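In: Requesting a structural model of the entry that follows:
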Amino acid sequence: MRDAHDRIAGTDCEKNLRGAGEEADDAHQAPVRKAGPARLAKPCRSRLDLETGTLNKITVRNPIVELDGDEMTRIIWRFIKDKLILPYLDLDLKYYDLGIEYRDQTNDQVTLDAARAIKQYGVGVKCATITPDEARVEEFHLKQMWKSPNGTIRNELDGTVFREPIICRNVPRLVPGWTQPIVIGRHAFGDQYRATDFVVPSAGTLTLKFQPKDGGAPIERTVFEFPGGGVALAMYNLDESIRGFARASFNYGLLRNWPVYLSTKNTILKAYDGRFKDLFQQVFEEEFKAEYDRRGLIYEHRLIDDMVASALKWPGAFVWACKNYDGDVQSDTVAQGFGSLGLMTSVLMTPDGKTIEAEAAHGTVTRHFREHQKGRETSTNPIASIFAWTRGLAHRGKVDGTPEVTRFAETLEQVCIDTVESGKMTKDLAVLIGPDQPWLTTTQFLDALDAELRTRMDAATPAAV
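Out: The predicted structure follows:
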């Protein structure tokens, strides 16, 4: 592990953000309406000690693993932690610097160490990170083109990625009928992403052969007689990985108390997709059906084309379990349908549902960081990064049996939503609403969230924590 802020040590967090939004000369960067009344149904316990006048912190019983990141999101991440998290929580953070320079310095060992720490403690919160391409290797003088940290962590935890939109009523949706979130669960293993493909140079026979390790009879199939050049591909998946995907999907359905749907094309890929269908059904019947029945929830398998059509008609509030490629596509489709990647959370959950890693679904906002480096204001949306913290904290509170921690996370989430719905927002959301919608810089918006959170925490019913 590395000192929590050694890469930006000695800088003041607010000063860091004073140059942090985009195109502040826009004609509609104007004063915004005052925040509307709070709609929090169940406020978090107050931090105010009436006898001493001091503010007590809510105790988080067990550690959370913090994974720092890169560029604009790294700067915003620190503000979130220093202003919206640590003043309210007595929290043991196990810090790992996943910034690209430190990953390079440690030969990416820090990423593996962070993943193992999440395994140990059960909860991780992650800032967005750079996955280097050729240009990034040259920019940072990297030793090599390191793998995606998300992929490394996902493989180490054997987890499923669930993406869920954050809904603000005043932010228009491309699909107006989507009034509640749709969660996309992507099986991020195998299929096209670990396939072997090649260009077929000429006429010939393509065969597929499996040789059992125990020396048994091989299975061999003729795939195609090529009359000329073309392309070929072979892909695979594992029963145990599919079962883990099923368990994670059903556990997430229980977490949100929503029905679960699996989509495949088993009418065409009778053995391949049929295996997904059969194993999901087996896991459901043996491990989850009783609890789903008790809660009045359902699980169904649907053909992918039917599921796409149904999803467009339904209002939301369901978990959609997708194979790897389908999940890659549909997660972005759903994000755009709800309005913005800046309002999309991402949670990696292990099959047993006990361990999660939460992060924003977007990248490091490089374009805004370039403006920030020039000393210019930006208008960068921090909400998805804030929800990375809150989803991690909510899970920590659930696992630890500390409802006050979960309520704090819910309070902060509601502050974000209510602030946007009151008319205070960053530019990316303002342009969705219309040309006359005022917007705030990064710092102004974060300050507005900070002020509203302090107001709600101080106004909550006094109680010992």
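In: for residue 390, what are its contacts?
Out: Counting by C-beta atoms under 8 Å, 6 or more residues apart in numbering, residue 390 touches 409, 410, 412, 413. (Glycine included, C-beta is placed from N, CA and C.)
In: Quick check: the second one touching residue 394?
Out: Meaning residue 410. Yes - here residue 410 lies in contact with residue 394, judged by C-beta atoms under 8 Å, at a distance of 6.9 Å.
In: closest to residue 293 among the contacts of residue 390?
Out: residue 410 (27.8 Å; C-beta to C-beta).
In: Compute the number of surrounding residues for the closest one.
Out: Residues near residue 410, counting by other C-beta atoms under 10 Å, number 20.
In: Need the three-state assignment for it.
Out: Assigned by DSSP: H, G, I helix; E, B strand; the rest coil, the conformation of residue 410 is helix.
In: Mind pulling up the pLDDT for it?
Out: On pLDDT, residue 410 comes in at 97.
In: Same question for residue 465.
Out: On the pLDDT scale, residue 465 gets 40.
In: Residue 459 too?
Out: 80.
In: Can you report how many residues neighbour it?
Out: By other C-beta under 10 Å, neighbour count at residue 459 equals 12.
In: Got the phi and psi for it?
Out: phi -90, psi -10 (degrees, to the nearest 10).
In: Look up how far residue 411 lies from it.
Out: 11 Å (C-beta to C-beta, to the nearest Å).
In: Kindly report the same for residue 119.
Out: 29 Å.
In: neighbour count winner among those two?
Out: residue 411 (22 against 17).
In: ok, the more buried one touching residue 452?
Out: No - with contact defined as C-beta under 8 Å, residue 411 does not reach residue 452; the gap is 10.0 Å.
In: Next up, the contacts around the residue positioned nearest the centre of the chain.
Out: Nearest to the geometric centre of the chain sits residue 346, at 1.3 Å (C-alpha atoms, centre = their mean). Contacts of residue 346 were listed using C-beta under 8 Å, 6+ apart, and they are 161, 162, 163, 358, 359, 360, 361, 388.
In: Which of the three states applies to it?
Out: strand.
In: gap between the closest residue to it other than its chain neighbours and residue 305?
Out: Nearest non-adjacent residue to residue 346, counting by C-beta to C-beta, 6 or more residues apart in numbering: residue 361, 4.3 Å away. According to C-beta to C-beta, residue 361 stands 25 Å off from residue 305.
In: Next, the distance between the ends of stretch 196-206.
Out: Using C-alpha to C-alpha, to the nearest Å, the end-to-end distance of stretch 196-206 comes out at 13 Å.
In: now stretch 302-322
Out: 11 Å.
In: if I look at the residue nearest to residue 346, how far off is residue 61?
Out: Distance from residue 361 to residue 61, by C-beta to C-beta: 28 Å.
In: Closest one of the contacts of residue 346 to residue 81?
Out: Closest to residue 81, out of all of these and judged by C-beta to C-beta, is residue 388, at 10.9 Å.
In: about what we covered before: can you lay out the contacts of residue 346 as JSON lines showing secondary structure and distance to residue 367?
Out: Shown next, in JSON lines, are the contacts of residue 346 (DSSP: H, G, I helix; E, B strand; the rest coil; distance: C-beta to C-beta, whole Å):
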{"residue": "161", "secondary structure": "strand", "distance to residue 367": "25"}
{"residue": "162", "secondary structure": "strand", "distance to residue 367": "28"}
{"residue": "163", "secondary structure": "strand", "distance to residue 367": "22"}
{"residue": "358", "secondary structure": "strand", "distance to residue 367": "24"}
{"residue": "359", "secondary structure": "strand", "distance to residue 367": "20"}
{"residue": "360", "secondary structure": "strand", "distance to residue 367": "16"}
{"residue": "361", "secondary structure": "coil", "distance to residue 367": "17"}
{"residue": "388", "secondary structure": "helix", "distance to residue 367": "21"}
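In: what's the burial count for the closest residue to residue 69 other than its chain neighbours?
Out: Nearest in space to residue 69, with sequence neighbours left out and distances taken as C-beta to C-beta, 6+ apart, is residue 127 at 3.0 Å. Residues contacting residue 127 under the criterion other C-beta under 10 Å number 27.
In: ok, residue 127 to residue 118 distance?
Out: 14 Å.
In: Between these two, which contacts overlap?
Out: If you check residue 127 and residue 118 against C-beta under 8 Å, 6+ apart, no residue is contacted by both.
In: Strands along the stretch 1-150 of the chain, start to end?
Out: Taking DSSP state E, counting those that start in this stretch as the criterion, the stretch 1-150 of the chain contains strands spanning 58-59, 64-68, 89-90, 93-97, 123-126.
In: And the stretch 201-350 of the chain, by the same measure?
Out: 204-210, 219-226, 230-234, 260-264, 299-303, 318-322, 344-349.
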